[in-house]
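In: Have a look at this prediction, sequence included:
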Amino acid sequence: MTDSEALYLDAAATEPVSRDVIDAMTPFLTDAYANPASVHQPGRTAARALDAARASFAADLGARPDDVIFTSGGTESDNLAVKGIAMARMRQLGLGNVGGGDFGDASDNTTQADFRRPRIVISSIEHPAVSGSADWLARWFGFDVVRIPVDDEAHIDLDALDRALDGEAGERTTLVAMMLANNEVGSVEPIERIVSIAHAHHVPVHVDAVQAAGLIPIRMRDWDVDSLAVSGHKFGAPKGLGALLVRGRTPIEPIISGGGQERGLRSGTQNVAGAVALAIALRRSNTRMASHYRELVASRDMLIDAVRRVVPRAELTGDPERRLPGHVSFVFPGVTGEALLVDLDARGIACSSGSACAIGRHEIPPTLLAMGIEPQIAKSALRMTFREPLTRVDIERISLAIEESYAALTKR
């Protein structure tokens, strides 16, 4: 890479689609294009490809083929899990206005015997696909939304989670929804311990693994997770593809009605080419992870050290060790993240301020606020994410650009 080429450090927002993924999916757009639900030979060919993709995809996530529900991406998968499981469990547990009708706030005409308010427990750092779905349940069905706090490294307070599920309140809890790895600061959560706590209280667990898939090993069934969401464009599949993995034991209601495809949970003609792309991209990403993980961690840590050297005031955000391998995040007191992003972009360094889902708006990363960072400092957030190890030349170029940019902005 020459100095004139831009360095792309926003892989957490999206990855490019590789040629082998495009080549694998193309025949199912041009030649083997039949509907997999059709009974003729072309349809059976498409169905076999869909089944093979499902099996490969499941194996790479530590799941079984019948766990996999193909969707349009992480947002849909989180919506289906949070809303679908919570509503199914609400009925299963006899919560809400059990007499039928409006499930909203209890009124003077609804006695306590008729109304037991359902609950959902999430963390204070969840992606809007999860937190927004929980708020939707509160607005339309009267759910209590309980947000579990995090520490200054963005790790879930496990004692607070245990307390939130204890006693009568726990008996009304329909779901615990937590992310595996944080998109803004890269911290990896102790999912096995979260599952153990929730299951001890007989509450299912949904895991948002969108930022983690293809970067760290995922073993859905070994962790005893009930459902898990992934998004293809985070690991090299085209945008608009994803999956929800949900175990047969988990009660869940569909949120899309129609022809009953995908176990009746995601109606609509299946995207065979998309499923193939997901399977190939995940296999490719997992293979890359296995071969480059140590080098990726090493270059991550070298970049962290370099940034600290050139800007001593910069503060690393998130866990310095239990974090995603290609994820570096800082706050830079004295400047705004927006100004830093613009200046670095002009110097050929493409990065972000934290979340890629704010529709182009520069907002204070909510995870930083939940970690207790002051809003003015949180405004200076910068995130650099990459999927291939950086060279020493790359790191020198990035750190020099940050040094020059920070110096120029603090002089204004």
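Out: The structure has been received and is ready for your questions.
In: CA only for contacts and neighbour counts going forward, please
Out: Noted.
In: The stretch 301-412 of the chain: strands as residue ranges?
Out: In the stretch 301-412 of the chain, the segments counted as strands under DSSP state E, counting those that start in this stretch are 315-316, 327-331, 349-350, 381-385.
In: now for those, which one comes closest to A181?
Out: Minimum separation from A181 across the strands of the stretch 301-412 of the chain (Cα to Cα) falls at strand 327-331, 10.6 Å.
In: Partner strands of the closest one, with direction?
Out: strand 315-316 (antiparallel), strand 381-385 (antiparallel) (DSSP bridges).
In: For stretch 336-348, buried residues please.
Out: For stretch 336-348, burial by neighbour count (16 or more other Cα atoms under 10 Å) applies to 336-338, 340-341, 343-345, 347-348.
In: want to throw these into TSV with distance to P217 and pLDDT?
Out: Below are those laid out as TSV (distance: Cα to Cα, whole Å; pLDDT from 0 to 100):
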residue	distance to P217	pLDDT
T336	35	94
G337	31	94
E338	33	93
L340	33	96
L341	31	95
D343	36	97
L344	32	97
D345	32	97
R347	35	97
G348	32	97
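In: Could you let me know which of the residues you listed ends up closest to V205?
Out: Distance to V205, by Cα to Cα, is smallest for G337 among the buried residues of stretch 336-348, at 34.4 Å.
In: Run through the residues that contact the closest one.
Out: Residues near G337 by Cα atoms under 8 Å, 6 or more residues apart in numbering: 331, 353, 379-382.
In: Among those residues, which one has the most neighbours?
Out: With neighbours taken as other Cα atoms under 10 Å, the top of these is A381, carrying 31 neighbours.
In: re the thing from before, can you tell which of the strands paired with strand 327-331 is closest to M90?
Out: M90 sits nearest to strand 381-385 of all the strands paired with strand 327-331, at 38.7 Å, using Cα to Cα.
In: packing partners for the strand or helix carrying A281?
Out: Take DSSP states H and E as the rule and A281 turns out to sit in helix 272-310. Here helix 272-310 touches helix 19-25, helix 27-30, helix 41-59, strand 327-331, helix 392-410, going by 3 or more Cα pairs under 8 Å, 6 or more residues apart in numbering; DSSP states H and E.
In: picking that back up, for the strands of the stretch 301-412 of the chain, could you give me a markdown table that also reports distance to I85 and mean pLDDT?
Out: As requested, the strands of the stretch 301-412 of the chain are arranged in a markdown table below (distance: least, Cα to Cα, whole Å; pLDDT from 0 to 100):
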| stretch | distance to I85 | mean pLDDT |
| --- | --- | --- |
| strand 315-316 | 36 | 98 |
| strand 327-331 | 31 | 98 |
| strand 349-350 | 38 | 97 |
| strand 381-385 | 32 | 97 |
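In: Just name the most buried of those strands.
Out: Each of those was assessed for mean neighbour count using mean count of other Cα atoms under 10 Å. The highest is strand 381-385, with a mean of 26.
In: contact partners of that strand?
Out: 9-12, 184-185, 326-332, 336-337, 340-341, 351-354, 364-365.
In: again, 7 Å this time
Out: Strand 381-385 is contacted from outside by 9-12, 326-332, 337, 351-354, using Cα atoms under 7 Å, 6 or more residues apart in numbering.
In: same check, this time on stretch 314-330
Out: 153-154, 185-188, 293, 296-297, 300, 304, 308, 331-333, 381-387.
In: Just the terminal-to-terminal distance for that stretch.
Out: 6 Å (Cα to Cα, to the nearest Å).
In: how is the chain carved up into domains?
Out: Split into domains by automatic domain parsing, the chain comes to 7-16+291-410, 19-283.
In: ok, I197 - how many residues close by?
Out: For I197, using other Cα under 10 Å, the count is 19.
In: Per-residue pLDDT of the nearest residue to S133 once chain neighbours are set aside, please?
Out: Of all residues beyond its chain neighbours, the one nearest S133 is N79 (5.9 Å), with distances taken as Cα to Cα, 6 or more residues apart in numbering. You'll see N79 listed with a pLDDT of 98.
In: what's the helix or strand for N79?
Out: According to DSSP H and E, N79 maps onto helix 74-92.
In: Would you mind checking which helix or strand in the chain has the lowest mean pLDDT?
Out: Least confident helix or strand, the chain: strand 96-97 with a mean of 72, by mean pLDDT, DSSP states H and E.
In: distance of L382 from A6?
Out: Distance from L382 to A6, by Cα to Cα: 17 Å.
In: re earlier: contacts for the helix holding N79?
Out: 71, 118, 129-130, 133-134, 137, 174-175, 206, 208, 210, 227, 229-231, 242-244, 251-255.
In: Generate a ChimeraX selection restricted to the buried entries among those.
Out: A single ChimeraX command selects the buried members of the contacts of helix 74-92 (16+ other Cα under 10 Å):
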select :71,118,129,130,133,134,137,174,175,206,208,210,227,229,230,231,242,243,244,251,252,253,254,255
